[in-house]
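S.K.: Compute the structure for the input listed below.
(one chain, ligands or ions: 2)
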Amino acid sequence: MAATVVCSSGNVEVVCQSVRVTSAMKAPVCVLGTGLIGGSLLRAALAAGYDGWGYNRSAAGAQAARADGFDVTEDLPAALRRAAGTDALIVVGVPMPAVDHMLSAIASYAPECVLTDVVSVKAPVAAAVRDHGLADRYVGGHPMAGTSESGWAATDPELFRDAVWAVGVDEGTRAEPWTRVARLALDCGSVVVPVVAAEHDRAVARISHLPHVLAEALALAGATGGDLALGLAAGSFRDGTRVAGTAPDLVRAICEPNSAALLEVLDETLTVLGAARDSLRAETSLADLVEAGHDARRRYESARRWEITDTLPGDQDWLERLRAAGQRGGVLTRLS
Ligand SMILES: NC(=O)c1ccc[n+]([C@@H]2O[C@H](COP(=O)([O-])OP(=O)(O)OC[C@H]3O[C@@H](n4cnc5c(N)ncnc54)[C@H](O)[C@@H]3O)[C@@H](O)[C@H]2O)c1
Ligand SMILES: O=C(O)C(=O)C[C@]1(C(=O)O)C=C[C@@H](O)C=C1
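M.R.: Residues are numbered from 1 along each chain as shown. Ligands and ions are numbered 1, 2, ... in the order given. Prediction:
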């Protein structure tokens, strides 16, 4: 059934006609790592009519998913053998340090399946995929959604609703696997931003990795103020430190593989903070920082994405055209 869908969340607002999709078009998903993101993806895909199963390294994690009625095993070769020789789409849902292990297993047990991932950095995953000889079947992915919680207990099939989901348009990407990954993102309720790995990594250093580092620093500043400071803390401290509640190992796995881009934006930010410090020391005004920051926040709030309607995977020059559209704020909201 075709329906009008309005997707609206923060700076994402698009109106689209959904397309007729039958369950026969939906090849199964095999999710490696059923924590917050992989587990939410498995649940969202099943809710959208996909078949699917998962792997979790811990018996307790797999058991928790099974208790909720999901088909999750702690046997990685078994999960992959089940995908081998089928049209299953493999989704790598683990943190960056565990990616190499997943790719080795994929190369051994399911060498022909199309694969994607949800990892927060894209160039390091793409390099690992090349090292394992899997590049022709890989399309990078990154759902821009999450919480500070971890593990199966935190999963939510609605996590990706109205989110943006970055899908890689790097040199050599093939149309058929790209379409499958983009369709999964759309079926999970997201809109798709086409982006090349290096540009993705520079962008997320600014809007995700720097905020994680600043949240840690802000949490420290508050805690150093002792009981009184923490007792007085209200909205600004709560919002600014929210992601410091994320598991430390995961924050490191998100930020450290993107160190070059993160260093660049950290240096920029230190310069801005240094100027604020100099102003306060000289007892002059904070106006420069505050007015520029206020304008920047308004730009974010009023930014509107637009729907890409003139390019589909497989069209002539589709990779270049999708890439250019993504850079200009375009999103794909449907695939025919
Ligand atoms: N948390 C977020 O907000 C967020 C958002 C978008 C993308 N991501 C990315 O998604 C991926 C998963 O993060 P998450 O938030 O779901 O974390 P999580 O801790 O909730 O889940 C991680 C999963 O990976 C598994 N895992 C970890 N190390 C492993 C290893 N060595 N071998 C096998 N399995 C292993 C864990 O058992 C768990 O199932 C990461 O790459 C992260 O960068 C996270
Ligand atoms: O909302 C959160 O809790 C998140 O941390 C999600 C968030 C982010 O916005 O920075 C974290 C890491 C990602 O790779 C993508 C999204």
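
S.K.: which residues in the stretch 201-336 of the chain form strands?
M.R.: 306-307, 330-331 (DSSP state E, counting those that start in this stretch).

S.K.: any idea of the mean pLDDT in the first one?
M.R.: Looking at strand 306-307 alone, the average pLDDT works out to 97.

S.K.: and what of stretch 192-210?
M.R.: pLDDT averaged over stretch 192-210 gives 98.

S.K.: is ligand 2 contacted by it?
M.R.: Yes. Counting by C-beta under 6 Å from any ligand atom, contacts between stretch 192-210 and ligand 2 involve residue 208. Glycine gets a C-beta too; all of them are placed from N, C-alpha and C.

S.K.: Dump that stretch to CSV, restricted to CA.
M.R.: Below are the C-alpha coordinates for stretch 192-210, written out as CSV (Å, rounded to 0.1, in the frame of the first residue of the first chain):
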residue,chain,number,x,y,z
VAL,A,192,19.6,8.4,3.5
VAL,A,193,22.5,10.8,3.2
PRO,A,194,25.0,9.7,0.5
VAL,A,195,28.5,10.5,1.6
VAL,A,196,32.1,9.4,0.9
ALA,A,197,34.1,8.0,3.8
ALA,A,198,36.7,10.7,4.3
GLU,A,199,34.1,13.5,4.2
HIS,A,200,31.8,11.6,6.6
ASP,A,201,34.7,11.2,9.0
ARG,A,202,35.6,14.9,8.9
ALA,A,203,31.9,15.9,9.4
VAL,A,204,31.2,13.5,12.3
ALA,A,205,34.4,14.7,14.1
ARG,A,206,32.6,18.1,14.4
ILE,A,207,29.1,17.0,15.3
SER,A,208,29.6,13.8,17.2
HIS,A,209,33.2,13.1,18.2
LEU,A,210,34.0,16.6,19.5
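
S.K.: which of the residues in it are buried?
M.R.: By neighbour count with 16 or more other C-beta atoms under 10 Å, stretch 192-210 contains the buried residues 192-197, 199-205, 208-210.

S.K.: quick one, phi psi at residue 55?
M.R.: phi -130, psi 140 (degrees, to the nearest 10).

S.K.: Equivalent analysis for residue 29, please.
M.R.: Given degrees, to the nearest 10, the pair of backbone angles that residue 29 has is phi -110, psi 140.

S.K.: which stretches of the chain form helices?
M.R.: 36-47, 59-67, 76-83, 99-109, 123-131, 175-187, 197-204, 210-224, 226-232, 235-241, 248-255, 259-281, 287-302, 318-327 (DSSP state H).

S.K.: highest average neighbour count across these?
M.R.: Comparing the helices of the chain by mean neighbour count (mean count of other C-beta atoms under 10 Å), helix 36-47 ranks first with a mean of 25.

S.K.: of all the helices of the chain, which lies closest to residue 157?
M.R.: When those are compared by C-beta to C-beta, helix 36-47 sits nearest residue 157, at 3.8 Å.

S.K.: send the alpha carbons of the closest one over as PDB?
M.R.: The C-alpha coordinates for helix 36-47 follow below in PDB (Å, rounded to 0.1, in the frame of the first residue of the first chain):
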ATOM      1  CA  LEU A  36      22.200  -1.000  21.200                       C
ATOM      2  CA  ILE A  37      22.600  -0.300  17.400                       C
ATOM      3  CA  GLY A  38      22.800  -3.800  15.900                       C
ATOM      4  CA  GLY A  39      20.000  -5.100  18.200                       C
ATOM      5  CA  SER A  40      17.800  -2.100  17.400                       C
ATOM      6  CA  LEU A  41      18.500  -2.600  13.700                       C
ATOM      7  CA  LEU A  42      17.500  -6.300  13.900                       C
ATOM      8  CA  ARG A  43      14.300  -5.400  15.700                       C
ATOM      9  CA  ALA A  44      13.500  -2.500  13.300                       C
ATOM     10  CA  ALA A  45      14.200  -4.800  10.200                       C
ATOM     11  CA  LEU A  46      12.000  -7.500  11.600                       C
ATOM     12  CA  ALA A  47       9.200  -5.000  12.400                       C
END
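
S.K.: Could I get the helices of the chain in CSV, plus columns for distance to residue 28?
M.R.: Output for the helices of the chain, formatted as CSV (distance: least, C-beta to C-beta, whole Å):
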stretch, distance to residue 28
helix 36-47, 9
helix 59-67, 16
helix 76-83, 8
helix 99-109, 15
helix 123-131, 21
helix 175-187, 11
helix 197-204, 26
helix 210-224, 33
helix 226-232, 48
helix 235-241, 39
helix 248-255, 27
helix 259-281, 35
helix 287-302, 38
helix 318-327, 26
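
S.K.: quick one, which of the ones you listed is nearest to ligand 1?
M.R.: helix 36-47 (3.6 Å; C-beta to the nearest ligand atom).

S.K.: from the chain's centre, how far out does the closest one sit?
M.R.: 13 Å (C-alpha atoms, centre = their mean, to the nearest Å).

S.K.: next one: stretch 70-83
M.R.: From the chain centre to the centre of stretch 70-83 is a distance of 23 Å (C-alpha atoms, centre = their mean).

S.K.: Contacts for it, please.
M.R.: With C-beta atoms under 8 Å, 6 or more residues apart in numbering as the contact definition, stretch 70-83 has outside contacts at 28, 30, 32, 34, 39, 42-43, 46, 52-59, 61-62, 65-66, 88, 90, 102, 105-106, 108-110, 113.
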